[in-house]
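1. make a model of this:
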Amino acid sequence: MKYALSVTLLLAIGLHQIDAHGMMLNPPSRSSRWRYDGSAPQNYNDNELFCGGLYTQANNGGQCGLCGDNFSTGRPRPNEIGGQIGGSGVVTKSYGTANAISVGVKITTNHLGHFEFNLCNLDTFGSESEECFSQHRLRFPDGSDRLQIGTQSGEFDVTVLLPQGVTCQHCVLRWTYVGANNWGMCENGTGALGCGPQETFKNCADVSIH
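-> Residues are numbered from 1 along each chain as shown. As a prediction, the model looks like this:
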């Protein structure tokens, strides 16, 4: 109900949507692989995997495709395995079992908010799904599972902790960026900047851990 109220309020006050832009480049997301591999499908809008946009996501009940596509697009969606861009899920990065890895993200238009990372182990789970991604919500060195980015734009070099004991021939690392520059209804019933529906990005990269 609070989500529906926030969407109604967002539309009622006529906010002009200015899209944020961002992408995961290390490891390269499926949509950004072409920047490093000439054989990969090209997506010149690889910095716009924002669930179809704020209002489209709101019309989809807040849901987003697994890897940033419009949720209402038929599966497999373009950036998912089997999709036009996701294809067979080409592994672009291999990590050792050392706990900490470095992930590179580029934000060209900052909308405040935070980053999250999840890991889906296809070796054990079999297919991509929100259930698979929820098995491993990765943490940062301070123990949190969200990284507030403030007003910084440009390139981020983020240290993320891999789950202990996990190895895989094929895992999917997912970056999520949730903005916080839209006004909406908070959990306590008041309105504030950063509450309610916010623009959301998701990028998926295929990796292995040995």
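2. from now on I want contacts and neighbour counts done on CA atoms only, so please keep to that.
-> OK.
3. and residue 83, helix, strand or coil?
-> coil (DSSP: H, G, I helix; E, B strand; the rest coil).
4. hmm, I typed the wrong one, I wanted residue 55.
-> With three-state DSSP as the basis, the three-state label of residue 55 is helix.
5. also residue 133?
-> helix.
6. wait, isn't it in contact with residue 122?
-> No - judged on CA atoms under 8 Å, residue 133 makes no contact with residue 122 at a distance of 9.8 Å.
7. which of these two has more residues huddled nearby?
-> residue 133 (22 against 18; other CA atoms under 10 Å).
8. quick one: the nearest residue to the more buried one once chain neighbours are set aside from residue 126, how far?
-> Leaving aside its chain neighbours, residue 133 sits nearest to residue 120 (4.5 Å; criterion: CA to CA, 6 or more residues apart in numbering). When distance is defined by CA to CA, to the nearest Å, residue 120 is 9 Å away from residue 126.
9. the more surrounded of the two?
-> Set side by side, residue 120 and residue 126 show more neighbours around residue 120, with 27 against 11, by other CA under 10 Å.
10. okay, and that one sits in which element?
-> In this structure, residue 120 sits in strand 114-121 according to DSSP states H and E.
11. list the neighbouring strands of that strand plus their orientation.
-> Strand pairing for strand 114-121, determined by DSSP bridges: strand 136-137 (antiparallel), strand 147-148 (antiparallel), strand 168-178 (antiparallel).
12. name the residues that touch that strand?
-> 128, 132-139, 145-149, 160, 168, 170-180 (CA atoms under 8 Å, 6 or more residues apart in numbering).
13. which of those residues are buried?
-> Among the contacts of strand 114-121, those scoring as buried are 128, 132-133, 136-139, 145-147, 149, 160, 168, 170-180 (criterion: 16 or more other CA atoms under 10 Å).
14. show the average pLDDT along stretch 49-61.
-> Averaged across stretch 49-61, pLDDT comes to 96.
15. what's the first-to-last distance across that stretch?
-> Stretch 49-61 has an end-to-end distance of 17 Å (criterion: CA to CA).
16. list the buried ones in it?
-> Residues 49-58 are the ones in stretch 49-61 that count as buried (16+ other CA under 10 Å).
17. kindly reformat the residues you listed as CSV containing distance to residue 79.
-> Below are those laid out as CSV (distance: CA to CA, whole Å):
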residue, distance to residue 79
49, 9
50, 12
51, 11
52, 13
53, 16
54, 18
55, 20
56, 17
57, 16
58, 20
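18. out of those, which is nearest to residue 207?
-> residue 49 (19.4 Å; CA to CA).
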